[in-house]
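K.L.:
how does the following fold in three dimensions:
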Amino acid sequence: MTDHTHAPDTFSWVASANAADSDFPLQNLPLCVFRPSDAPAHAPGRIGVGIGDRVLDLPRAALLLPELPPALVQALQAPRLNGLLAQGRPALRQLRHAVWALLRAGDDRQVQAEPLLLPQAEVSFGLPCDIGDYTDFFASHNHARNTFNLFRPGQVFLPNFTHLPIAYHGRSSSVVESGRPVVRPWGQTVQAAGGQPEFGPSRKLDFEVELGFHVTTGNPHGERVALVEAEQFLGGVSVLNDWSARDVQAFESQPLGPFLSKNFSSSLAPWVVTLDALEPFRAPRLPRAADAPPLQSYLEGALDAARGAFDIRLDTFLQSAAMRGAGMAPVRISTACFARDVCWTPAQMVAHHTVGGCNLRPGDLIGTGTISGRDQGTEGSMLELTANGARPLQLPDGETRAFLHDGDEITITAWCEREGFRRIGLGRCTARIQPARSHA
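P.N.:
Numbering: from 1, shown residues only. Down below sits the predicted model:
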């Protein structure tokens with residue numbers, strides 16, 4: 001539930017955090033892993049907290065936070081968030097409260113804390129966690145409907161879609177930090193119905209607008225997590241772009257699902273916004289259709305139905321190489337909303353993921369799958385925005401896009417806004433496409 005850390009009339013002594021459009025006011029305090037610009041490239045990362053346009057060096061700031069227990073202080077010395085997440089939701093809440101008090105306007109530790117702030121523009125950000133496993137769900141009814149209409153017109157959804165949250169096991173080794181280029185992948189594709197497969201660079205490179213939830217303590221192997229407890233196993237959320245090669249996907253995905261079309265790269269934003277920071281932006285789970293079958297008991301709960309979703313808005317921007325060369329700003333091509341466009345909650349995803357005894361571990365990543373709306377301009381992929389290339393996007397400089405070109409840069413931003421609370425953001429996830437590498 002909301003508490004004093006969400007009060008909209010509380011400000012920070014970090015001036016930039018008080019701007020109305022700041023992603024990181026005092027009410028947010030997202031976690032990250034960073035390196036100072038003067039640190040060697042091989043130097044380990046440091047755990048930080050975003051505040052305004054600065055990042056607070058938490059290993060050093062811990063000296064000003066004597067209320068933190070030794071195990072939590074030790075976890076802050078690590079180069080990734082895994083150990084901190086393993087402390088669990090209560091520890092994350094205790095850390096957030098302590099940092100909130102330190103950065104609040106009027107705190108008498110300001111003089112000691114100011115040297116521990118670094119401009120975000122002068123640091124580099126890495127992956128927040130060592131990701132042991134990555135599971136990507138298929139949780140947006142609109143995305144499912146849009147893709148079915150493109151490839152299976154007139155057919156109804158497969159029956160399992162209304163009974164459980166579908167997912168596949170992604171490749172954690174190719175989850176990379178925001179800002180790292182995406183190299184156009186190679187694969188086998190069929191260009192015409194009934195034709196023979198060709199081997200070459202993907203011609204239908206695409207983005208997918210997603211959110212990624214980070215696992216905290218995990219569960220023992222063989223023990224499932226009940227829905228009512230499931231959110232305690234999630235520490236925070238980041239913006240995620242699960243890149244896709246649609247032509248490779250179309251040929252390889254029967255009968256086992258995506259493989260090479262998904263495993264070449266997934267971009268993850270550096271900021272982990274805690275679920276505690278998101279408390280003011282909870283929303284009801286999407287109502288099920290009147291003719292939908294009843295859920296199995298392990299996926300049904302009154303509290304989850306009433307407030308298991310989050311009102312997180314996501315904007316996607318595209319900037320071509322030509323636009324960049326002409327000094328033109330990126331153009332927004334899509335706006336989606338997690339609460340409006342996703343039909344399974346994070347808690348349901350965890351409950352289903354573990355119901356057979358699968359053990360989650362600290363730092364595991366759970367992707368929502370593509371977040372798409374019903375209306376034109378709310379779709380979370382080029383596949384849907386352009387109707388598989390039949391309806392190309394018009395860019396401001398006269399260019400068109402059916403799918404992504406080399407040199408295109410995709411940026412996904414996310415934020416939460418509600419009357420009576422400060423706006424908070426999840427930062428941005430961005431990557432530029434590089435040409436395929438030669439196989440000669």
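K.L.:
contacts, neighbours, all on C-alpha from now
P.N.:
Noted.
K.L.:
CA atoms only for the longest helix anywhere in the chain, dumped as PDB, please.
P.N.:
Secondary structure of the chain read by DSSP state H shows that its longest helix is helix 89-103. Presented in PDB, the C-alpha positions along helix 89-103 are these (Å, rounded to 0.1, in the frame of the first residue of the first chain):
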ATOM      1  CA  ARG A  89      10.800  -7.400  -0.900                       C
ATOM      2  CA  PRO A  90      11.100  -6.300   2.800                       C
ATOM      3  CA  ALA A  91      14.800  -5.500   2.400                       C
ATOM      4  CA  LEU A  92      14.200  -3.600  -0.800                       C
ATOM      5  CA  ARG A  93      11.500  -1.600   1.000                       C
ATOM      6  CA  GLN A  94      13.800  -0.900   3.900                       C
ATOM      7  CA  LEU A  95      16.500   0.300   1.500                       C
ATOM      8  CA  ARG A  96      14.000   2.500  -0.400                       C
ATOM      9  CA  HIS A  97      12.800   4.100   2.800                       C
ATOM     10  CA  ALA A  98      16.400   4.800   4.000                       C
ATOM     11  CA  VAL A  99      17.500   6.400   0.700                       C
ATOM     12  CA  TRP A 100      14.200   8.400   0.600                       C
ATOM     13  CA  ALA A 101      15.000   9.900   4.000                       C
ATOM     14  CA  LEU A 102      18.600  10.600   3.000                       C
ATOM     15  CA  LEU A 103      17.600  12.500  -0.200                       C
END
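K.L.:
who touches it?
P.N.:
Identification of contacts with helix 89-103 by CA atoms under 8 Å, 6 or more residues apart in numbering yields 5, 12-14, 26-27, 29, 65, 67-68, 72, 84-85, 107, 109-110, 113, 216, 232-235, 274, 276.
K.L.:
just checking, which of those belong to helices?
P.N.:
72, 84-85, 110, 113.
K.L.:
selecting buried members of those residues in ChimeraX, what would you type?
P.N.:
With 16 or more other CA atoms under 10 Å as the criterion, this ChimeraX line picks the buried residues out of the ones in helices among the contacts of helix 89-103:
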select :72,84,85,113
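K.L.:
quick one: which of the ones in helices among the contacts of helix 89-103 is nearest residue 404?
P.N.:
Distance to residue 404, by CA to CA, is smallest for residue 85 among those, at 35.7 Å.
K.L.:
what mean pLDDT does stretch 401-411 get?
P.N.:
On average, the pLDDT along stretch 401-411 is 98.
K.L.:
so this structure: which segments form each domain?
P.N.:
The chain breaks down by automatic domain parsing into domains covering 4-125, 134-434.
K.L.:
residues contacting residue 49?
P.N.:
When contacts are counted by CA under 8 Å, 6+ apart, residue 49 touches 29-32, 55-58.
K.L.:
would you agree it falls within a helix?
P.N.:
No. Counting by DSSP: H, G, I helix; E, B strand; the rest coil, residue 49 is not part of a helix but strand.
K.L.:
what's the closest non-adjacent residue to it?
P.N.:
Distance criterion CA to CA, 6 or more residues apart in numbering; nearest residue to residue 49, sequence neighbours excluded, is residue 31 at 4.6 Å.
K.L.:
residue contacts, that neighbour?
P.N.:
Counting by CA under 8 Å, 6+ apart, residue 31 has contacts 47-50, 128, 271-274.
K.L.:
let's see it at 6 Å
P.N.:
Listed by CA atoms under 6 Å, 6 or more residues apart in numbering, the contact partners of residue 31 are 48-49, 271-272.
K.L.:
sorry, back to before: any idea which of the contacts of residue 49 is the one closest to residue 434?
P.N.:
Once CA to CA is applied, the member of the contacts of residue 49 that ends up nearest residue 434 is residue 32, at 26.4 Å.
K.L.:
what's the angle between the helix or strand harbouring that closest one and helix 89-103?
P.N.:
Taking DSSP states H and E as the definition, residue 32 sits inside strand 31-36. Interaxial angle, strand 31-36 versus helix 89-103 (axes from the mean of the first three to the mean of the last three CA atoms, to 10 degrees): 60 degrees.
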